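Trainee: just coords:
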């Protein structure tokens, strides 16, 4: 989440969506750590078409089709170059490109695939020439805009989840977090909680940057830039109870989130969150450089940290793993491992100071953490650090990695890699 992406399976009845099973929201439980050797068949996102800082920022899978969105216009596969404007799809087992090629006038940042539809969120205003700001519903096979769906948002969409028949949407728009009808885009009124405030004058617009939902569909944890949720003090993170007819603010709060990190330019420092496969805990990752004096073991600056879902007011995380002054951008809690990526050089930095310090574990751009002990696992493929990858997709077959880097474990895997179990 960004979170780890998931394929959500549903059946379509008339104009509505009825879930065929519990919502697939937390990462699935994989029995072991994935291979460090990436598959050879994945396409490469390349510079060109007016885009030089390419990235894949969002992933979703529907059956054997893998969708990847981000900032790009050209994709190479099997010796052929394809024009793809911020979104592509290909066969998840062979890498063969599909004819699916909708056009967006801005970056894609969130994907959710279900039934025969693909919901797309991002920084765009028009899709295939149709006005749709921040959120659009496409036919998953053809890429045609579903014109019956129009959420009429007025800003950027950064996160999507389908939970109990409602499409949950987070981002930089008036409501910040809203539940819409999956068929029409109309606000259901299920989430009616004012989200306001800014953690600093230079933190930018108030927003919900990312959120995760537990596998039971009963809890939501959101991160972003805010200080108040539903009239209660909540800086940088909050938890909601997802009830039958409405969402309410849960008592969970980590009070040290009011503390800043040393990077004054990155005050809204939380970057991603993901629930464990059983929903008993969640993991956050962050930027922000290093903690101020006295903050090591408490403040979440440039760290991955585990919290127990049912401990409402923790004084400390269950564990915290510092990089040593380098950003984490995404996390996936996948049972055997907690996968993290960013532009870090190491994990296990013992003092949370600018590193890597003696005693840390060298990890370049990607790593795996023991979900129980909180220390780096031996898995160490290494990748181009870049700015840092923004999404994972955990599947029964392995782990998809969305990134902005060219190399993965010594192989060219431009912006996207697949690591089989």
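Mentor: The structure has been received and is ready for your questions. Computed from a predicted structure; not experimentally measured.
Trainee: tell me the contacts of the residue lying farthest from the centre of the chain?
Mentor: In the chain, counting by CA atoms, centre = their mean, residue 358 sits farthest out from the average C-alpha position, at 31.1 Å. Counting by CB atoms under 8 Å, 6 or more residues apart in numbering, residue 358 makes contact with residue 350. (Glycine included, C-beta is placed from N, CA and C.)
Trainee: sec struct for it, please.
Mentor: coil (DSSP: H, G, I helix; E, B strand; the rest coil).
Trainee: What's the local residue count around residue 301?
Mentor: 27 (other CB atoms under 10 Å).
Trainee: Name the nearest residue to it, ignoring sequence neighbours.
Mentor: Distance criterion CB to CB, 6 or more residues apart in numbering; nearest residue to residue 301, sequence neighbours excluded, is residue 261 at 3.6 Å.
Trainee: Do you know the pLDDT at the one you found?
Mentor: We have a pLDDT of 97 for residue 261.
Trainee: residues contacting it?
Mentor: Contacts of residue 261 (CB under 8 Å, 6+ apart): 267, 269, 286-292, 299-302.
Trainee: Closest to residue 71 out of those residues?
Mentor: residue 287 (19.2 Å; CB to CB).
Trainee: So that closest one is in contact with residue 263, correct?
Mentor: Yes: Residue 287 is in contact with residue 263 according to CB atoms under 8 Å; the separation is 7.1 Å.
Trainee: who has more neighbours, the two?
Mentor: Shown here are residue 287 and residue 263; by other CB under 10 Å, residue 287 has more neighbours (25 against 16).
Trainee: Next one: that one relative to residue 261, how far apart?
Mentor: 8 Å (CB to CB, to the nearest Å).
Trainee: Need the residues touching each of these two.
Mentor: By CB under 8 Å, 6+ apart, the residues touching both residue 287 and residue 261 are 269, 301-302.
Trainee: The nearest residue to residue 105 once chain neighbours are set aside bridge partners, please.
Mentor: Distances taken as CB to CB, 6+ apart put residue 126 closest to residue 105, at 4.7 Å, once the chain neighbours are dropped. Per DSSP bridges, the residues bridged to residue 126 are residue 131.
Trainee: what's the pLDDT at residue 126?
Mentor: Residue 126 is given a pLDDT of 98.
Trainee: Pull the contacting residues for it.
Mentor: Neighbours of residue 126 in contact, by CB under 8 Å, 6+ apart: 104-105, 132.
Trainee: and of these, the nearest to residue 341?
Mentor: For the contacts of residue 126, the nearest to residue 341 is residue 104 (24.2 Å; CB to CB).
Trainee: ok, how many other residues are close to that closest one?
Mentor: Residue 104: 20 neighbours (other CB under 10 Å).
Trainee: Tell me the spacing between it and residue 421.
Mentor: 33 Å.
Trainee: low-confidence ranges in the chain?
Mentor: 1-26 (pLDDT under 70).
Trainee: ranges for the helices of the stretch 101-250 of the chain?
Mentor: Counting by DSSP state H, counting those that start in this stretch, no segments of the stretch 101-250 of the chain form helices.
Trainee: Once you drop chain neighbours, what's closest to residue 356?
Mentor: residue 346 is the one closest to residue 356 (CB to CB, 6+ apart), at 3.6 Å.
Trainee: wait, that neighbour sits on residue 366?
Mentor: No: between residue 346 and residue 366 there is no contact under CB under 8 Å: 11.9 Å.
Trainee: Those two: which has the busier surroundings?
Mentor: residue 366 (30 against 21).
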